[in-house]
Each structure stands twice: as C-alpha cells, then as structure tokens.
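[1] Build me a model from this:
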Amino acid sequence: MKKVTVAIADSDPARRAKLEQSLQGEQDIKVLTNVLSEGVEAYSERRFKPRADMTEIEDVIARIGRLKPRILFVNLDESTGGFGLLQALYREYPETLLVLLTDKSAKQEEILQALATGVRGCLDHEAAPSYFLKAVRVVDRGEVWVTRKMLGTIMDEVLH
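    Okay, the predicted model is just below:
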C-alpha cells in the first residue's frame, strides 16, 4: 500500500501539532516535517534549515520541492505568504494538492479566491480530527473537500 505524504504549512505550533496528531498513526498516511522556518535550531537536517538568501515564500516553496508531499495543508495568513504562496505553489508544484486551513475569520470571498487558485479543499482548524483524515483521502482520490454551504456558493458563482 502506497502512503499519502502530507505536509503542513501553519505558523501556529499548537494548531500544527493538533493536525499532525490527527493524521499520525494511520497506515496509509505519512506526515512530513513542518515546512515553515522557525529558526535554524529547529532543523537538525541541512536540507530543512532556512536559507538567508531567500524570502520566506521562496524558502517554503524550496522545501516543498525537496519534500514533494502529495497533500499540503496551508494556513492562509501573512506569515505563510497568503495568496502569493498559493499561486506560487500551484504554479511550481501542480502535483501537490493544496488544502486550505481556515478559522471563523475567513471570508467567503477569500476561500473562493483560494479555490480559484487551485486549492483542492478547505477545512476549519477546529474541525474534528476525523475530518482531516477524510479530507486527505478524498483529495488524494482527486475529489474536492468543501462544506456543503461552500458547495452551494460555488454553484451560485458558476450559474451566475
């Protein structure tokens, strides 16, 4: 059985740890090292150390290129580069499927813009752990993971 590789780009360590815990222990999922820089001391392997000659977005993109995850959970905030990161990832690594991590402050227009950028799913950080597992498996099969409400909004956009 081939494992689905998953990486997480979230600057909040508690949220990232919660998501990692919900995915670990599954025989068909392998959680990869965090892709965001947190200082040189956090990385014992040379290939994961941040590079001084790169911007944060370039550094994250380079790490994704080295790790080559099948699925990347991305928190959309300024520390992860926002839409610029999403667009660059989709352009550079279209084989990596992006899943947006949101919270209650996320605006519907931002989520729609992310989906238009190539994001394959959207999940709230507060979702039950089982939803993260389901999202990985659904997105890995080539399907999209969004709420029913968001699906209705997408349909309204398509029809009008």
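
[2] elements contacting the strand or helix carrying L115?
    Using DSSP states H and E, L115 sits within helix 108-117. The contact analysis (3 or more Cβ pairs under 8 Å, 6 or more residues apart in numbering; DSSP states H and E) places helix 108-117 against helix 82-92, strand 97-102, strand 121-124, helix 148-159. C-beta coordinates here come from the backbone N, C-alpha and C atoms, glycine included.

[3] Only the buried residues of stretch 136-147, if you could.
    For stretch 136-147, the neighbour count (16 or more other Cβ atoms under 10 Å) marks V136, R137, V138, V139, D140, V144, W145, V146 as buried.

[4] With stretch 61-70 instead?
    I61, A62, R63, I64, L67, P69, R70.

[5] Stretch 104-119 too?
    For stretch 104-119, a neighbour-count test (16+ other Cβ under 10 Å) marks A106, I111, L112, A114, L115, T117, V119 as buried.

[6] got the CA positions of that stretch in PDB?
    Extracted in PDB, the C-alpha atoms of stretch 104-119 (Å, rounded to 0.1, in the frame of the first residue of the first chain):
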ATOM      1  CA  LYS A 104     -14.000  31.700  11.800                       C
ATOM      2  CA  SER A 105     -12.500  35.000  10.500                       C
ATOM      3  CA  ALA A 106     -12.000  33.600   7.000                       C
ATOM      4  CA  LYS A 107     -14.100  35.400   4.400                       C
ATOM      5  CA  GLN A 108     -16.100  33.500   1.900                       C
ATOM      6  CA  GLU A 109     -14.600  35.600  -0.900                       C
ATOM      7  CA  GLU A 110     -11.100  34.600   0.200                       C
ATOM      8  CA  ILE A 111     -12.000  30.900   0.200                       C
ATOM      9  CA  LEU A 112     -13.500  31.200  -3.300                       C
ATOM     10  CA  GLN A 113     -10.300  33.000  -4.500                       C
ATOM     11  CA  ALA A 114      -8.200  30.200  -3.000                       C
ATOM     12  CA  LEU A 115     -10.300  27.600  -4.700                       C
ATOM     13  CA  ALA A 116      -9.900  29.500  -8.000                       C
ATOM     14  CA  THR A 117      -6.100  29.500  -7.400                       C
ATOM     15  CA  GLY A 118      -6.100  25.700  -7.400                       C
ATOM     16  CA  VAL A 119      -6.800  24.700  -3.800                       C
END
